[in-house]
Every structure is written in structure tokens, then in C-alpha cells.
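Participant: My questions are about this predicted structure, shown below with the sequence.
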Amino acid sequence: MPRYSLSDPAVLAFFIIPILLVTALMWATAEAWQRSGAARPTVVRAAAVAGLAAIAWMAITWAAASSGIFLEWDRVPPPFGVLVFLIVVVSAAIAFSAFGSRIARYVPLWSLVAVQAFRLPLELAMHGMYTRGIMPVQMSYSGLNFDIVTGITAVIVAALVATGRGGKALVATWNVLGLMLLINVVIVAILGTPRFRFFGDEQLNTWVFYPPFVWLPAVMVLAALAGHLLIFRALSASRLTQV
């Protein structure tokens, strides 16, 4: 693992973006509970619980990465594989639980789309990791990762929906595209791990086994996947915006 500085703006992005995503989760929780008619103490409590749960998850994954457990690929199943499985499970639990149902119903759809714009600065930061020799090229937009398209178009689609110029068909099409691009980069990342070595020993994807980069899969991929699933739920509720 090449040396890096925590004062490097590209590295700082792996701290700042997760913190902003937790803030967005707390806001969405408060918004959903308030719009559903909950009393203010209940709104505050729900937002606090969501925030504390997210912080606990971040702390656990940080501690696991610091311990070096994700480097142990001789285990069956490998610990990093378990993390990937948990990311999918937690994302689905967020989206398809009563918690997710309330967010999908009451948070404006344009807001759910707009959150996915975090993938634009994330991809810029990831490209910075590639140019610094920390991340393998295939995980950047110079390689096989085209997720920056999702981040850019999220801003446009959110603006169109918020101003009434975008409808369900636009959001559904964009959401499918964004989910496909997310799945693509996850597959690329997994193929680059020491278990598969698909891109060769010189392009191994091991940087996400260390903090703070572990928050790329553990927080940011989780947020992206849960966000797409929540948008599908919102679309199935036949609701575009709530002012």
C-alpha cells in the first residue's frame, strides 16, 4: 500500500463524503417522520437513531479494516466477501423495511435522486487515488468505472424533477442506468481482489481493505445501492414530488 497523507484533498474526500451521507440520512429521516405527522420528539429521536446506527456501522468497519482482517483471503469465506454480503443485506434492509417505506413515501423524489450526486466528487477522488498509485486503473474512469455518469446526471435529473419538467419515466430510466453502472464497478472491484486477480498481480484491488478507504464499499456503495432501491420504491408508490 503506497503512503498517503490525510491532508490530501483526494484522501479527505473519503472522510467528508461519508459524513455528508450520514447527515443526509438524518435529514431524510427527520423529513419523513415530520411529513408523516410524527411529534417533534419522535422526529428528533428517529433522526438520532438513524445517525447513531450509521456511525456505529462506520466505526465497526473502520475497526475491522484497521485490524487487517480484510487482508486474510485464505479464510473461507474471506472477511471482505462477508462485508460485501452485509452491504447488500443492509442496503435491502434499509430500502424494504418500514423505515425505508416511510422515506420512499414522504421524502421528495428529487431529493432521493440528488443525493446520488455524491458519486461525482467520489469518482474525482478515486481518479486521484489512481494517479497517486493507490488505486488500480480499472476502478477509475480512465479504466472500467463509468459511475461518474451517474453523479453528473443525478444533478440534471433532480433539477428536472424538482421543477416539474421530469417525470417517472425519466427517473426510472436514470435509476436503472445508475444501478447498472454501480453493479459494473462492484464487479470490477471484486474481480480485482486477491481471490480472482482478473486484472493481474500489478492491478490488485487491495486499497479498500484499509481505512479510510474501506468506507468506499462500506458506506458509499451501500448508500448508492440503498438509494437506488428507495427510488424504485418511491416510483412504485406513484409519487414524484412532495413540496
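Facilitator: Cool, the structure landed.

Participant: What helix or strand is Y4 located in?
Facilitator: Using DSSP states H and E, Y4 sits within no helix or strand.

Participant: Just give me the neighbour total for it.
Facilitator: Neighbourhood size, Y4 [other Cβ atoms under 10 Å]: 17. Placement of C-beta: from N, CA and C, glycine included.

Participant: If we ignore the residues flanking it in sequence, what's nearest it?
Facilitator: Leaving aside its chain neighbours, Y4 sits nearest to V11 (5.5 Å; criterion: Cβ to Cβ, 6 or more residues apart in numbering).

Participant: Let me see the contact set for that neighbour.
Facilitator: Y4, S5, A125, M129, P212 (Cβ atoms under 8 Å, 6 or more residues apart in numbering).

Participant: any idea which of these is closest to A59?
Facilitator: Within the contacts of V11, the smallest distance to A59 is 12.1 Å, found for P212 (Cβ to Cβ).

Participant: What is the burial count for the closest one?
Facilitator: Using other Cβ under 10 Å, P212 is surrounded by 19 other residues.

Participant: Same question for N175.
Facilitator: N175: 24 surrounding residues under other Cβ under 10 Å.

Participant: shouldn't it be in contact with A234?
Facilitator: No. Applying Cβ atoms under 8 Å, one finds N175 not in contact with A234, separated by 9.5 Å.

Participant: Report the outermost residue of this protein with respect to its centre.
Facilitator: Most distant from the centre of the chain: A39, at 30.1 Å, with distances by Cα atoms, centre = their mean.

Participant: any idea how far that residue is from S97?
Facilitator: For A39, the distance to S97 equals 21 Å [Cβ to Cβ, to the nearest Å].

Participant: Equivalent analysis for F213, please.
Facilitator: F213 is 28 Å from S97, by Cβ to Cβ.

Participant: Among these two, which residue is more densely surrounded?
Facilitator: The neighbour count for F213 versus S97, taken as other Cβ under 10 Å, is higher for F213 (21 against 11).
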